[in-house]
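A.B. asks: Sequence and predicted structure are below.
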Amino acid sequence: MASQAAGVPAPAVEPGQERLDPALIRLALIILVGTVVVQLDATIVSVALDTLGRSFHTGVATIQWVSTAYLLALAMVIPLTGWSVDRFGGRRMWLVALTLFLVGSALCGAAWSAGSLIAFRVVQGLGGGLLLPLMQTILAQAAGPRRMGRLMATVAVPAMLTPVLGPVVGGVIVEALDWRWVFLINIPICVIAFALAWRWMPHLPGAGRQVFDRLGFALLSPGLAAVVFGFSEAGRLGDFANPRGLVPLVAGVLLLVGFGVHSLRTRGVPLIDLRLFRSAPFAGSSALMFLFGISLYGAMFLLPLYEQQVRGRGATDAGLLLAPQGLGMMIAMVGLGRIVDRSSPRLLVGVGMGLATLGTVAYTQVSTHTSEVALGLSLVVRGVGLAMATIPVMSAAYTGLERAQIPRATSAVRIFQQVGGSLGTAVLAVVLTHELAGSGGRSTSDVTAAAHAYGVSFWWTLGAGLLAFPCALLLPGRMSDAVEKADVEKPTVSEAQVAPPTGAGIADTA
């Protein structure tokens with residue numbers, strides 16, 4: 001191995017070893033800088049849409065494409081992640097993705113019209129769509145199964161907090177600064193992330209020259225984008241039967257079915273290898289990430305709207321009232337970092353979803369005068385539960401898989417989470433619209449009826465959480481046993497290897 005050649009012995013990996021060496025932690029922190037800015041940007045922009053519409057003198061129908069175009073670009077590029085890592089290596093693709101996001105952010109900050117801003121958001125979305133799955137792929141390959149859970153618990157704190165803090169930051173920027181700073185604030189962070197990766201990220205080689213799956217790309221990426229767009233339109237219009245949402249949704253599903261047939265029949269390596277679903281932990285993790293997408297992003301859609309429309313809060317105040325959920329996540333992460341790799345993923349997910357369900361119950365009973373203290377405590381419990389359930393799922397997805405399968409497995413998991421988030425937001429938007437119309441909640445004077453409509457909508461997020469329990473049974477009973485059985489533990493990052501790319505790196509261990 002490279003580290004041995006350099007005179008530095010590779011660290012032995014003992015059963016039950018708990019130490020995360022400084023090299024691996026450094027790599028995680030380098031990656032974290034890039035991924036946080038992507039997730040923060042998405043939530044900041046959602047708060048700024050109204051201001052953007054006024055600045056460009058355009059209506060909601062046009063300005064909402066600032067978000068929709070970004071999501072479509074994100075969906076289109078996620079399937080390419082696995083192939084690109086195999087073909088070009090993780091470090092090179094990380095730098096490319098950061099560059100795309102940085103350039104897109106700068107262009108968005110310089111936009112002169114709604115049309116130019118929408119076009120530049122596509123560039124930004126291409127970079128953002130690569131960064132998130134690249135983060136998970138690189139860390140999974142570097143850490144190995146035994147250390148993956150603890151490493152994800154370390155880096156997931158800010159990653160899971162950004163959907164909560166984003167609206168707060170966005171509200172402050174919109175109210176105190178020019179709208180262009182919503183995008184320009186990304187530039188210094190991206191520059192720092194690029195410099196750190198250029199200097200310290202080791203070479204992360206791919207599997208070699210992989211033939212690009214052209215037919216798979218022609219079916220999967222447009223199909224995924226059409227599904228996301230269909231859900232987005234259905235949510236915006238409040239009606240799944242409207243042709244503007246239904247037609248792209250049906251077309252997208254047909255394309256995805258076509259990709260499924262192609263993936264199972266092709267002799268080459270498909271963009272997403274559906275044979276991975278033969279692994280019960282991977283199948284269970286994918287299903288759970290889909291349901292988590294519905295529950296997490298669906299609730300994040302409802303929570304600020306409830307505070308604004310029923311309780312009369314401003315955008316910044318509504319964002320601050322979501323902070324208890326982030327606090328709960330942080331509390332859970334502190335404990336999970338110590339036990340996640342030695343505990344049963346099945347048990348942790350079951351307990352976590354039980355807590356998340358318990359934390360949602362109070363919101364199914366909301367009224368105009370529900371105690372903010374009670375709702376805040378419920379969010380703390382919900383945050384603890386979501387963190388406890390998500391981290392084991394993210395690490396268990398790779399149980400039994402070979403290291404070369406990780407990039408495409410990550411792409412698949414990210415796709416399920418993305419579609420789940422889009423579906424959850426769309427379904428809850430439709431349910432809320434129908435409930436408001438049916439109860440007379442559209443009248444600003446009838447806030448009691450509006451509160452009831454939100455309570456009914458929160459029942460749907462609770463239902464998605466309950467569906468997760470049977471999926472958790474597919475996860476390993478004990479992670480350590482599953483790893484030993486798979487015999488895939490190979491430490492891939494040592495102190496000597498996380499060094500400037502001109503020196504010894506991961507490439508030398510291949």
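C.D. replies: Good, I have the coordinates.

A.B. asks: and residue 459, what does it touch?
C.D. replies: residue 364 (Cβ atoms under 8 Å, 6 or more residues apart in numbering). Heads up, the C-betas are built off the backbone N, CA and C, glycines and all.

A.B. asks: Ok, residue 297 next?
C.D. replies: Contacts of residue 297 by Cβ under 8 Å, 6+ apart are 163, 420-422, 424-425.

A.B. asks: Can you get me the centre-to-centre distance for stretch 75-87 and its chain?
C.D. replies: Centre-to-centre, stretch 75-87 and its host chain are 16 Å apart (Cα atoms, centre = their mean, to the nearest Å).

A.B. asks: what does stretch 385-397 give?
C.D. replies: 13 Å.

A.B. asks: again with stretch 174-193
C.D. replies: From the chain centre to the centre of stretch 174-193 is a distance of 21 Å (Cα atoms, centre = their mean).

A.B. asks: tell me which residues in that stretch are buried?
C.D. replies: When burial is assessed from 16 or more other Cβ atoms under 10 Å, stretch 174-193 yields the following buried residues: 174, 179, 182-187, 189-190, 193.

A.B. asks: I'd like to know which of the residues you listed is nearest to residue 313.
C.D. replies: If you rank the buried residues of stretch 174-193 by distance to residue 313 using Cβ to Cβ, residue 174 comes first, at 15.1 Å.

A.B. asks: buried residues in stretch 453-472?
C.D. replies: Counting neighbours by 16+ other Cβ under 10 Å, one finds that the buried residues in stretch 453-472 are 453-458, 460-462, 464-465, 468, 471-472.

A.B. asks: what does stretch 81-100 give?
C.D. replies: Across stretch 81-100, burial judged by 16+ other Cβ under 10 Å covers 81-87, 89-98, 100.

A.B. asks: Can you give me the first-to-last residue distance of that stretch?
C.D. replies: 14 Å (Cα to Cα, to the nearest Å).

A.B. asks: Hmm, residue 235 is touching residue 432, no?
C.D. replies: No: judged on Cβ atoms under 8 Å, residue 235 makes no contact with residue 432 at a distance of 9.3 Å.

A.B. asks: what ranges do the helices span in the stretch 51-200 of the chain?
C.D. replies: Ranges of helices in the stretch 51-200 of the chain, per DSSP state H, counting those that start in this stretch, are 60-63, 65-77, 80-88, 90-109, 114-143, 145-176, 181-184, 186-200.

A.B. asks: Give me the helices and strands touching the third one, please.
C.D. replies: Using 3 or more Cβ pairs under 8 Å, 6 or more residues apart in numbering; DSSP states H and E as the contact definition, the elements that helix 80-88 packs against are helix 90-109, helix 114-143, helix 406-439.

A.B. asks: The shortest one vs helix 406-439, what angle?
C.D. replies: Angular relation of helix 90-109 and helix 406-439 on a 0 to 180 degree scale: 40 degrees, by axes from the mean of the first three to the mean of the last three Cα atoms, to 10 degrees.

A.B. asks: taking the buried residues of stretch 453-472 one by one, which sit in helices?
C.D. replies: Using DSSP state H, the subset of the buried residues of stretch 453-472 located in helices is 453-458, 460-462, 464-465, 468, 471-472.

A.B. asks: from the residues you listed, which is closest to residue 115?
C.D. replies: Nearest to residue 115 out of these is residue 457 (Cβ to Cβ; 33.8 Å).

A.B. asks: tell me the contacts of that closest one?
C.D. replies: Residue 457 makes contact with 302, 428, 431-432, 435, according to Cβ under 8 Å, 6+ apart.

A.B. asks: Please convert the residues you listed to a markdown table, extending it with pLDDT and distance to residue 282.
C.D. replies: Shown next, in a markdown table, are those (pLDDT from 0 to 100; distance: Cβ to Cβ, whole Å):
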| residue | pLDDT | distance to residue 282 |
| --- | --- | --- |
| 302 | 81 | 30 |
| 428 | 81 | 28 |
| 431 | 83 | 31 |
| 432 | 82 | 34 |
| 435 | 81 | 37 |
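
A.B. asks: still on that earlier bit, can you redo the helices of the stretch 51-200 of the chain as a markdown table with distance to residue 46 and mean pLDDT?
C.D. replies: Below are these laid out as a markdown table (distance: least, Cβ to Cβ, whole Å; pLDDT from 0 to 100):
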| stretch | distance to residue 46 | mean pLDDT |
| --- | --- | --- |
| helix 60-63 | 11 | 70 |
| helix 65-77 | 6 | 82 |
| helix 80-88 | 24 | 83 |
| helix 90-109 | 14 | 92 |
| helix 114-143 | 12 | 86 |
| helix 145-176 | 7 | 68 |
| helix 181-184 | 10 | 89 |
| helix 186-200 | 15 | 91 |
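
A.B. asks: Next, format these as a markdown table and append distance to residue 332.
C.D. replies: Shown next, in a markdown table, are the helices of the stretch 51-200 of the chain (distance: least, Cβ to Cβ, whole Å):
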| stretch | distance to residue 332 |
| --- | --- |
| helix 60-63 | 37 |
| helix 65-77 | 27 |
| helix 80-88 | 28 |
| helix 90-109 | 28 |
| helix 114-143 | 19 |
| helix 145-176 | 9 |
| helix 181-184 | 30 |
| helix 186-200 | 26 |
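
A.B. asks: sorry, back to before: if we only consider the buried residues of stretch 174-193, which is nearest to residue 33?
C.D. replies: Taking Cβ to Cβ as the measure, residue 33 lies nearest residue 193 of the buried residues of stretch 174-193, at 4.1 Å.

A.B. asks: pretty sure the closest one is touching residue 95, no?
C.D. replies: No: in this structure, residue 193 is not within contact of residue 95 by Cβ under 8 Å, at 9.6 Å.

A.B. asks: how near is the nearest residue to residue 428 once chain neighbours are set aside to residue 323?
C.D. replies: Leaving aside its sequence neighbours, residue 428 sits nearest to residue 298 (Cβ to Cβ, 6 or more residues apart in numbering; 4.5 Å). For residue 298, the distance to residue 323 (Cβ to Cβ, to the nearest Å) stands at 19 Å.

A.B. asks: The two: which has the busier surroundings?
C.D. replies: The residue with more neighbours, out of residue 298 and residue 323, is residue 298; 27 against 17, by other Cβ atoms under 10 Å.

A.B. asks: Which helix or strand contains the more buried one?
C.D. replies: Per DSSP states H and E, residue 298 falls inside helix 280-309.

A.B. asks: what stretches of the stretch 151-300 of the chain score poorly on pLDDT?
C.D. replies: For the stretch 151-300 of the chain, residues meeting the criterion pLDDT under 70 lie at 151-165, 167, 204-210.

A.B. asks: and with 80 instead?
C.D. replies: Along the stretch 151-300 of the chain, the parts satisfying pLDDT under 80 run over 151-176, 203-211, 235-239, 268-269, 293, 295-300.

A.B. asks: who's in contact with the nearest residue to residue 466 once chain neighbours are set aside?
C.D. replies: Among residues not flanking residue 466 along the chain, residue 357 sits closest, at 6.5 Å (Cβ to Cβ, 6+ apart). If you count contacts by Cβ under 8 Å, 6+ apart, residue 357 has them with 385, 462, 465-466.

A.B. asks: next SSE after the helix or strand residue 357 falls within?
C.D. replies: Using DSSP H and E, residue 357 sits in helix 345-361. Proceeding N to C from helix 345-361, the next assigned helix or strand is helix 372-396, under DSSP H and E.

A.B. asks: tell me what that following helix is packed against?
C.D. replies: Going by 3+ Cβ pairs under 8 Å, 6+ apart, helix 372-396 lies up against helix 145-176, helix 280-309, helix 323-339, helix 345-361, helix 479-486.

A.B. asks: Now do the second one against helix 372-396, angle only.
C.D. replies: I take that to be helix 280-309. Using the same axes, to 10 degrees: helix 280-309 against helix 372-396 is 160 degrees.

A.B. asks: tell me the angle of helix 280-309 relative to helix 323-339?
C.D. replies: Interaxial angle of helix 280-309 relative to helix 323-339 (the same axes, to 10 degrees): 160 degrees.

A.B. asks: Give the buried residues for helix 280-309.
C.D. replies: Neighbour counts using 16+ other Cβ under 10 Å place 280-307, 309 of helix 280-309 among the buried residues.
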